[in-house]
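> Let me see the structure of the following:
(chains A, B and C)
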Amino acid sequence: MDKIVPTPSTGIIPERDLGKPAVLEAMHLGIDFGGLTAVDDFTITVAPTEICGLIGPNGAGKTTVFNLLTNVYQPTRGSILLQGRPTQGKSVYEVNKMGIARTFQNVRLFKDMTVEENVLVGLHNEMNYSVFSAFTKMPKYFKQERAAHNKAMELLSIFDMESMASSRAGSLPYGAQRRLEILRALATDPCIILLDEPAAGMNPNETEALMQNIKKIRDTFKIAIMLIEHDMNLVMGICEGIAVLNYGKIIAKGTPAQIKSNPQVIEAYLGNRGESDA
Amino acid sequence: MKTRKNLPLIVKYLIVAAVYALFLLAGNLLIKNKVIGLYYTKVLMVVAINMILAVSLNIGTGYLGQLPLGSAGFMAVGAYASAIFMRKVPIDPKLIFPVGIILGGLVSGLFGLIIGLPALRLKGDYLAIITLGFAEIIRIVILNIDKALGITLTYGAANLKNIPKTTTFTNAFIWVFIACFLIKAMMNSRHGRAILSIRDNEIAAESCGINLTFYKTMAFVVYAFFTGVGGALYAGYLGILNPSGFGFAKSIDILVIVVLGGMGSMTGSVISSAVLTIVPELLRAFSDYRMIVYSLLLIIVMIFRPTGLMGTKEFNPRGIMDFFMGRKKRKEER
Amino acid sequence: MSTLSLIIKQIINALQLGSIFALIALGYSMVYGIIRLLNFAHCDIIMVGAYISWYFMTNFANMPYLAVAAAIFGCTLLGVAIEKVAYTPLRGSPRISLLITAIGVSYLLENTAQLWLGAAAKSVPPFFKVTTLSFMGLSVSTTSVVTIAVVTVSMTALTLLVQKTKMGRAMRAVSEDSQTAQLMGTNINATISFTFAIGSALAGIGSVLYCCAYNQASPTMGSMLGLKAFVAAVLGGIGSIPGAIVGGFVIGLTEVFVSSIGLSTWKDAVVFLILIIVLLVKPTGLLGKQVNEKV
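Modelled structure (predicted):
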């Protein structure tokens, strides 16, 4: 792993990304739900090929952060820049087109579609033939569909899932569903991908494989990855920068080593009704 | 999986077109030689119209996963638009009928756009009731508009008469083919997949870059268009229109066809249109008990086969070939 | 008659019509609340109730109470029977299958009535001698007074039942989350049947009141009445008891108002227009609860 160096904005950055513009900058994000502040003053900068972790006890607001970053919720305060462009006021699908993709805590696949079709939905905006071309079966339709099929198979091969291409997505085992969800997000050609508890429900072997795969994805696609995870082995093993969230606020940012020894973090986890997985 | 060579697409299309042309020819021959009498020719026309209405409603229910109950309204729009056009244009109605049908579809599609944009903000049962409301409003407007504006357009409750009876066995079934082909083509494209993904998981679809409003509206407009086409054929079949024929019960009838066939299965919609149109006719011998038998059948089929006759499966010639030639059956999903 | 007294008379008419709608809307609302089914057969239960009233009033004209009791009891029994035979086997099936079954039951009842009793409307003798009460220059028919009173009493009783009794608590629990309710020891089947019984009993009362107001019973009388009541339920917020009452009155007022300004042919269109506007502004109806999907 590259050396991690501090940035002027109190953040940290892998050395290889030095001098490159950040892929995602969230500044002082906050959201209130009917008077209750769920997330407050959330500021983070993600480097172009960084793997960063977002951890914190249950209910700390991690998934809410993801929902803010993808515009599922419009933030009450603060702003987001995605590759330098503001995402304010954009709808969820537009933000996706701007380069942010995600997975969900409780897997959200298109259950009644096949595995390949799931990935093809991700490739939707890769193609641009019109409804009319589809109706009349123009050469453009065939050309783009064939290209999309090949691309989908290529993506499926990352997790060795080509053989399942025509299975119904809902019939896959849980681990495979999680992997498919990652592939579907990748298919939308993002510059940053948000993984919400990718290792949930996986056994140690699967988790180990997942760690390798996350790195592989970063290296192949040269994208940033931000993940929420409770499995500390995974987080400490692959994340270059980590932000710790508690009660909707960032209480610590730093390298895995710094986070491990941060007294506030330890208190947040251990002083919290037996959060045993810390 | 792909061990067998696929036939080139164009050959496949030619085979399908040839088989269908043969079917149309055979039908025409039987009608000409009075093997199929006038009465049953009419029944077959209704079968074709119901097929178009069902496959288009299936876009809304089976593919988009919503429950639009506005078929009667869009049908009325298509029927009246095309009937008024056919009455006003002094050209041989047989020649101009395709234009009338497409016009019916387009006007209905336009209504679909106007209604769909607000209505599709709602989901499930609320969408059902709001589309039902729009359909009822359409019917009442058609009923009263002449009196309100002092014009003679729809003739309200007094029947719109003398519509050229241009619907035939052949052109009705050609439109069945066109509707099925185009809907199938749409569903096998990125646009169709976008619609299906919205059905399966709206939130995930949007986060994959699918414009929900656009695709929901598109599905709804295509549904309205083909329902309008069905309505136009219906006008050309009846020759006389009255708004009372487009009540809420008509929408329900089409919904019943789609659900009984299996939502999301175009084949199911086609088969069940035929069955549910022909069976009541065969039951005419028991005329009094006909509707009772029909409603009992409905309840029984739903209790014993809640996903409809075909589920979401489609008819697939290869599946049948596999079955007869004893090839290893492909793994069934679900 | 002065304009003011005319207006008051119309308002009383609207209240009478609205309370019948509200009573029927409650049946839709309760059933929807508990099993998420648009019970299309509900309107035909009213039709059956009206025929029972007709039968007893023509044969035992001097015993109106018997007719009322029979109509309510008959409707209750029918409602529960439909639930047991047609809906229980489909619990856990797609909701649309349940909907189609309900449509099937509705067709069955309508066509059976038509076959058995003919398509023509039967005239139901009046339950009591209708007189006109005069009060401060206003004249109000006893039917209106009785209808409004009966509906008020029924609503109060229902609200108490749902809010204060053990069964009412079970009903609320099952409609909120049937699985959890089951884990907490609620007998789901009994609760659902009970809900159908109450909803159908209200339909029975509604049918008697309908017969008082319009003096007739026909096989298809339920369909438009049912559709309007259903619209009332959705307008007020389906699944909500006060919502059904509010919805019923809104529809009653609208109909009477539109008719009184001479646009009676447009009244259904106006009713649906109001429904559409309300749903677009507040997608779950006037008093419905907003449910947000958690991401």
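
> just for the stretch 1-150 of chain A, where's the confidence low?
A:1-12 (pLDDT under 70).

> actually the stretch 51-200 of chain B, sorry about that
Checking the stretch 51-200 of chain B against pLDDT under 70 turns up nothing.

> So which residues on it come close to chain C?
Counting by Cβ under 8 Å from any Cβ of the partner chain, the positions of the stretch 51-200 of chain B adjacent to chain C are B:61, B:67, B:118-119, B:121-122, B:125-126, B:128-130, B:133-134, B:136-137, B:140-141, B:143-144, B:147. Yep, even glycine has a C-beta here, placed from its N, CA and C like the rest.

> Out of those, list just those in helices.
With DSSP state H as the criterion, helices contain B:118-119, B:125-126, B:128-130, B:133-134, B:136-137, B:140-141, B:143-144, B:147 from among these.

> could you point out which element follows the helix ranked longest in chain C?
Longest helix in chain C by number of residues (criterion: DSSP H): helix C:3-35. Once helix C:3-35 ends, the next helix or strand along the chain (criterion: DSSP states H and E) is helix C:42-59.

> so how far is that following helix from its chain's centroid?
On the basis of Cα atoms, centre = their mean, to the nearest Å, helix C:42-59 sits 14 Å off its chain's mean C-alpha point.

> Show me what it is packed up against.
helix C:3-35, helix C:64-82, helix C:95-117, strand C:122-123, helix C:188-214, strand C:216-217, helix C:221-236 (3 or more Cβ pairs under 8 Å, 6 or more residues apart in numbering or on different chains; DSSP states H and E).

> So which elements touch the first one?
Counting by 3+ Cβ pairs under 8 Å, 6+ apart, the packing neighbours recorded for helix C:3-35 are helix C:42-59, strand C:138-141, helix C:142-164, helix C:166-176, helix C:188-214, helix C:221-236, helix C:241-260.

> okay, the helices and strands packed on helix C:42-59, which one's buried deepest?
helix C:221-236 (a mean of 26; mean count of other Cβ atoms under 10 Å in any protein chain shown).

> ok, that helix near chain B or not?
Yes. Helix C:221-236 reaches chain B (Cβ under 8 Å from any Cβ) through C:223, C:227, C:230, C:231, C:234.

> count of neighbours near the nearest residue to the first one once chain neighbours are set aside?
Among residues not flanking residue C:223 along the chain, residue C:43 sits closest, at 6.0 Å (Cβ to Cβ, 6 or more residues apart in numbering or on different chains). Here the count is done by other Cβ atoms under 10 Å in any protein chain shown, and residue C:43 has 27 residues near it.

> ditto for residue C:277
Neighbours of residue C:277 (other Cβ under 10 Å): 12.

> just to revisit the earlier point, among the residues of the stretch 51-200 of chain B next to chain C, name the buried ones.
B:61, B:67, B:119, B:122, B:125-126, B:128-130, B:133-134, B:136-137, B:140-141, B:143-144 (16 or more other Cβ atoms under 10 Å in any protein chain shown).

> which bits of the stretch 151-278 of chain A sit near chain B?
So far as Cβ under 8 Å from any Cβ goes, the stretch 151-278 of chain A lies against chain B at A:166, A:167, A:168, A:171, A:184, A:185, A:187, A:188.

> I'd guessed the second one sits against residue A:116; true?
Same thing as residue A:167. No. Using Cβ atoms under 8 Å, residue A:167 makes no contact with residue A:116, being 9.0 Å away.

> Which one's more surrounded, these two?
residue A:116 (22 against 17).

> Now do the more buried one against chain C, distance only.
Distance of residue A:116 to chain C, computed by Cβ to the nearest Cβ, to the nearest Å: 26 Å.

> Can I take it that that residue is in a helix?
Yes. Using DSSP: H, G, I helix; E, B strand; the rest coil, the assignment for residue A:116 is a helix.

> was I right about it contacting residue A:150?
No. Using Cβ under 8 Å, residue A:116 is not in contact with residue A:150, being 11.0 Å away.

> Run a quick neighbour tally on the residue nearest to residue A:51 when sequence neighbours are not counted.
Sequence neighbours aside, residue A:225 is the residue nearest to residue A:51 in space, at 4.7 Å (criterion: Cβ to Cβ, 6+ apart). Per other Cβ under 10 Å, the neighbour tally for residue A:225 reads 25.

> dump the residue contacts of residue A:225.
Neighbour list for residue A:225: A:50, A:51, A:52, A:192, A:193, A:195, A:214, A:217, A:218 [criterion: Cβ atoms under 8 Å, 6 or more residues apart in numbering or on different chains].

> before we move on, which element is it in?
strand A:224-228.

> Could I get the pLDDT score of residue B:213?
Residue B:213 carries a pLDDT value of 95.
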